[in-house]
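Engineer: show me how the following folds:
(2 chains)
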Amino acid sequence: MSTSTLHFVPPQDFHARSRAALDDPQLRRSFRGAMTFLQDKRRGQFGDEDELQHLRDLGEAVRKHALARLPDLLEQLEAKLTAAGARVHWAATPEEANAIIHAIATGCGARSIVKGKSMASEEIELNHYLQERGIACLESDMGEYIVQLAGEKPSHIVMPAIHKTRADIASLFERHIPGTAYTEDVDELIQTGRRTLRNAFVEADIGLSGVNFAAADTGTLWLVENEGNGRLSTTVPDVHIAIMGIEKVVEKLEHIVPLASLLTRSATGQAVTTYFNLISGPRRPGELDGPRELHLVLLDNGRTQAYADEQLRSTLQCIRCGACMNHCPVYGRIGGHAYGTTYPGPIGAILSPHLLGLESTADLATASSLCGACGDVCPVRIPIPQLLVRLRTEANRDPRALVAHPLRGQGAKYSRGERLVWRFWRGAFGRPAVYRLFRWAATRLRWLAPNDQLGWTRYRTPLKPAPRSLADLLRERGQP
Amino acid sequence: MTTARDSILARLRAAIHDDARPDAAGADLDRRIDAHFDARREHPQAPPDVLAQRMQAALEAVRAQAWCLRADEWPAVLTTRLAAAGVRRILVDAASPEGRALRAALPAGVEAVAFERPLEDWKQELFGTVDAGFTVARSGIAATGTVVLAPDAATPRTVSLVPPLHIALVHARTLHADLHQALHAERWQDGMPTNLVLATGPSKTSDIQQTLAFGAHGPRWTWVVIVTDAAEAEAKETP
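Structural biologist: Model prediction:
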């Protein structure tokens, strides 16, 4: 089975990949079908508009409340979990997180890891890192397993294999799983996946999972899932490693109640998922199952950069439901792989610059018509459109400009020529006499307008000033 | 040398200005959450039989099988079902009264297995040979058909997870209207077990072209016995 060939794509090739995705009718059909399905499912859960808006207010308030006291909550979570016998690790970078997990694995002589779903582990490219060091990681979430078999990465944060048709999966299973005949029967495919992965849970030395929410007051990790692979990964192997971004902690267990409701209803249109798995420590003396060791890896990876700026901090309110991408007209057409980042769609566009720097991600914020759908559906009211505009500003800021909270890669799209054009426009537009002169020149010299106007003329006829300006026409009619 | 921990905490603290108004803001937020859920509950405290009906309906909506049965009738009904489903080995604890009642009623041909050894001593056997697991839920959440499982030494975590059939017994008198009520009534903030599981129906996935399929990695079938002991329920009602 190919667990080795991962595709690492540079996010800076966004435009080229978007074009390729748009030219792929099968991919377009897959995403159109999936987006409609997920939008309908979500709408079905929020019939009561008043309840939805109240719940969104609460979700936003809980997240803002937690972020306002984030360092204290992280320390409280650490103290609680440590007292329960768990070990808490801190990683500023993906390299540090990978090294921590590798050290835990070597410490217990582990050869294989079975993984529940974790976007943070995707973010640090953990599978690749461990593979190179002789430790096999097997994804056990059905969607993650499918993309791992295909040597791909998830194209959606909740439904990783959303770009694949059942025919794709049928031939994938036939090719990679010995003794499997081609079938497009979904029940049969799932049973094949179940049978194949069953033994991995029994034999894995370590189970690795993500975390959906953490409560500082009780030291509880709250995991949300439907398949049971999360519970198996965190219960059956001798060691459980959980990895989470530092922003996921909230003050109290009871604060998770509104968040959990918002998450499952926004993500997959379910009132609840099959399992809420609440973990507050490793196996205690006398207990007969559960991991003997529990590790929590707290990952920064650029989150403190977003945190430093009052406006950008709201990025960290995210609970990873994926509703923004499910409703995004851009994501719905180009799909997740075009972004080239772990997190695609609107949330990816506002989060990735902090994780990776603006140098490689500046184009993502331009992949939006600013229609506002993402902000309208966000369960925790992240002002995504405003953040997209802000990141465009930061990408076009003079790289040498001194600001209170500079972003990594500030000015990645800065262009002197563009800056000059805007300065000229401001000079002309701001002074009536100069503007009149400009108008006069533009209407008289219209024949000078070039036929090749860069990106504009690729799909449209060239722009040419009108022979008479609107102001002149109105004056002729006697209007001032 | 500064550690990652120090540098992360220092960066976060450097970004906090005068946000610290902890107590007032916190109490206000708690009140708002309570008000939201309290206002949307039909009865402040619905009677157990109403909750039992709602629980059953919610379970059927997620493709679980659920029965409301009296304390004196459930063992017979359940064992008939077990035999009909072809269950041969079932994990049942011998410590709880419910576990003992089920053991006593099991017909010949259905073997009760006790979880007596640490998991690592019989992983293969558990995964390969046990057809069903029986658990007594701590409580239930009627709105969503959720059973609240607090695994312990007698009924460990894997009983409700590894066998393809999970049978949960929940007493109607322990049912809560919703998650918010369950958390408050049981005062979860006072102390959590190492693992608390809220399980709603059989495991499932829609990862293949949004087509729902049951029996992903956890149980494929979930049965829930809601024990509605009328006399007991009434006794609880009257102070």
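
Engineer: make it CA atoms for all contacts and neighbour counts henceforth
Structural biologist: Noted.

Engineer: okay, now the unreliable bits of chain B?
Structural biologist: Regions of chain B meeting the criterion pLDDT under 70 cover residues B:1, B:18-24, B:230-239.

Engineer: and for chain A?
Structural biologist: Looking at chain A by pLDDT under 70, you get A:1-9, A:480.

Engineer: how much space between the most centrally placed residue in it and chain B?
Structural biologist: Nearest to the geometric centre of chain A sits A:Y343, at 2.6 Å (C-alpha atoms, centre = their mean). Separation of A:Y343 from chain B (C-alpha to the nearest C-alpha, to the nearest Å) stands at 18 Å.

Engineer: also A:L77?
Structural biologist: From A:L77 to chain B the distance is 13 Å (C-alpha to the nearest C-alpha).

Engineer: contacting residues for the nearest residue to that residue once chain neighbours are set aside?
Structural biologist: Counting by C-alpha to C-alpha, 6 or more residues apart in numbering or on different chains, A:L77 lies nearest to A:A216, which is 4.3 Å off, once chain neighbours are set aside. Applying C-alpha atoms under 8 Å, 6 or more residues apart in numbering or on different chains to A:A216 gives the contacts A:L73, A:L74, A:Q76, A:L77, A:K80, A:V249, A:V250, A:E251, A:K252, A:L253.

Engineer: redo those as JSON lines? Include distance to A:D168 and neighbour count.
Structural biologist: Shown next, in JSON lines, are the contacts of A:A216 (distance: C-alpha to C-alpha, whole Å; neighbours: other C-alpha atoms under 10 Å in any protein chain shown):
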{"residue": "A:L73", "distance to A:D168": "45", "neighbour count": "24"}
{"residue": "A:L74", "distance to A:D168": "43", "neighbour count": "24"}
{"residue": "A:Q76", "distance to A:D168": "47", "neighbour count": "19"}
{"residue": "A:L77", "distance to A:D168": "43", "neighbour count": "24"}
{"residue": "A:K80", "distance to A:D168": "46", "neighbour count": "20"}
{"residue": "A:V249", "distance to A:D168": "38", "neighbour count": "30"}
{"residue": "A:V250", "distance to A:D168": "40", "neighbour count": "25"}
{"residue": "A:E251", "distance to A:D168": "44", "neighbour count": "26"}
{"residue": "A:K252", "distance to A:D168": "44", "neighbour count": "21"}
{"residue": "A:L253", "distance to A:D168": "41", "neighbour count": "21"}
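
Engineer: now, among these, which is nearest to chain B?
Structural biologist: A:L253 (6.6 Å; C-alpha to the nearest C-alpha).

Engineer: still on that earlier bit, and the residue nearest to A:L77, its phi and psi?
Structural biologist: When read as degrees, to the nearest 10, the backbone of A:A216 gives phi -70, psi -30.

Engineer: over to A:A215?
Structural biologist: Note on A:A215: its backbone torsions stand at phi -110, psi 120 [degrees, to the nearest 10].

Engineer: and it, what is it in contact with?
Structural biologist: Counting by C-alpha under 8 Å, 6+ apart, A:A215 makes contact with A:L77, A:L221, A:W222, A:V249, A:V250, A:E251, A:K252, A:L253, A:I256.

Engineer: SS state for the second one?
Structural biologist: Here A:L221 is strand, with the state taken from DSSP: H, G, I helix; E, B strand; the rest coil.

Engineer: how near is it to chain B?
Structural biologist: For A:L221, the distance to chain B equals 10 Å [C-alpha to the nearest C-alpha].

Engineer: got a list of what that residue touches?
Structural biologist: Going by C-alpha under 8 Å, 6+ apart, A:L221 touches A:V211, A:N212, A:F213, A:A214, A:A215, A:N277, A:L278, A:I279, A:S280.

Engineer: how about a cut-off of 10 Å?
Structural biologist: Residues near A:L221 by C-alpha atoms under 10 Å, 6 or more residues apart in numbering or on different chains: A:77, A:81, A:210-215, A:242, A:244, A:248-249, A:253, A:277-281, A:296, B:195.

Engineer: the longest helix belonging to chain B near chain A anywhere?
Structural biologist: Ranked by residue count, the top helix of chain B under DSSP state H comes out as helix B:22-39. Yes. Helix B:22-39 is in contact with chain A by C-alpha under 10 Å from any C-alpha of the partner chain, via B:P22, B:A25, B:G26, B:L29, B:D30, B:R32, B:I33, B:D34, B:H36, B:F37.

Engineer: chain center to that helix, what's the gap?
Structural biologist: From the chain centre to the centre of helix B:22-39 is a distance of 27 Å (C-alpha atoms, centre = their mean, to the nearest Å).

Engineer: again with stretch B:161-179
Structural biologist: 4 Å.

Engineer: and what of stretch A:139-150?
Structural biologist: Centre-to-centre, stretch A:139-150 and its host chain are 18 Å apart (C-alpha atoms, centre = their mean).

Engineer: is it in proximity to chain B?
Structural biologist: Yes. Against chain B, stretch A:139-150 shows contacts by C-alpha under 10 Å from any C-alpha at A:S140, A:D141, A:M142, A:G143, A:E144, A:I146.

Engineer: strands of the stretch 301-450 of chain A, start to end?
Structural biologist: Secondary structure of the stretch 301-450 of chain A (DSSP state E, counting those that start in this stretch): no strands located.

Engineer: smallest distance to chain B belongs to which residue of it?
Structural biologist: A:A308 (4.9 Å).

Engineer: which one is that residue nearest to, not counting chain neighbours?
Structural biologist: In space, A:A308 is closest to B:A15, 4.9 Å off (C-alpha to C-alpha, 6+ apart).

Engineer: what about the one you found, how many neighbours?
Structural biologist: Applying other C-alpha atoms under 10 Å in any protein chain shown, we find 18 other residues in the vicinity of B:A15.

Engineer: these two touch, right, it and A:L312?
Structural biologist: No. Counting by C-alpha atoms under 10 Å, B:A15 sits too far from A:L312 to count as a contact (11.9 Å).

Engineer: returning to what we had before: the residues of helix B:22-39 next to chain A, buried ones only, as a ChimeraX selection?
Structural biologist: Here is the ChimeraX selection string for the buried members of the residues of helix B:22-39 next to chain A, based on 16 or more other C-alpha atoms under 10 Å in any protein chain shown:
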select /B:26,29,32,33,36,37
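
Engineer: now, which of the residues of helix B:22-39 next to chain A sits nearest B:W67?
Structural biologist: Ranked by distance to B:W67 (C-alpha to C-alpha), these are led by B:F37 at 27.7 Å.

Engineer: any idea which element the nearest residue to that closest one once chain neighbours are set aside lies in?
Structural biologist: Nearest residue to B:F37 in three dimensions, chain neighbours excluded: B:H180, at 6.9 Å (C-alpha to C-alpha, 6+ apart). If you go by DSSP states H and E, B:H180 is part of helix B:179-185.

Engineer: could you list the buried residues of that helix?
Structural biologist: So for helix B:179-185, counting by 16+ other C-alpha under 10 Å, buried means B:L179, B:H180, B:Q181, B:A182.

Engineer: thinking again about what came up before, for the residue nearest to A:A308, what are phi and psi?
Structural biologist: When read as degrees, to the nearest 10, the backbone of B:A15 gives phi -90, psi 0.

Engineer: B:T135 now?
Structural biologist: Backbone torsions of B:T135, given as degrees, to the nearest 10, read phi -130, psi 150.

Engineer: near it, how many other residues are there?
Structural biologist: Based on other C-alpha under 10 Å, the number of other residues close to B:T135 is 27.

Engineer: picking that back up, what's the first helix or strand after the longest helix of chain B?
Structural biologist: Criterion used, DSSP H and E; the element after helix B:22-39 is helix B:48-61.

Engineer: please see if the next helix or strand after that next one touches chain A.
Structural biologist: Note on helix B:48-61: by DSSP H and E, the next helix or strand toward the C-terminus is strand B:65-69. No. Strand B:65-69 stays clear of chain A (C-alpha under 10 Å from any C-alpha), getting no nearer than 14.5 Å.
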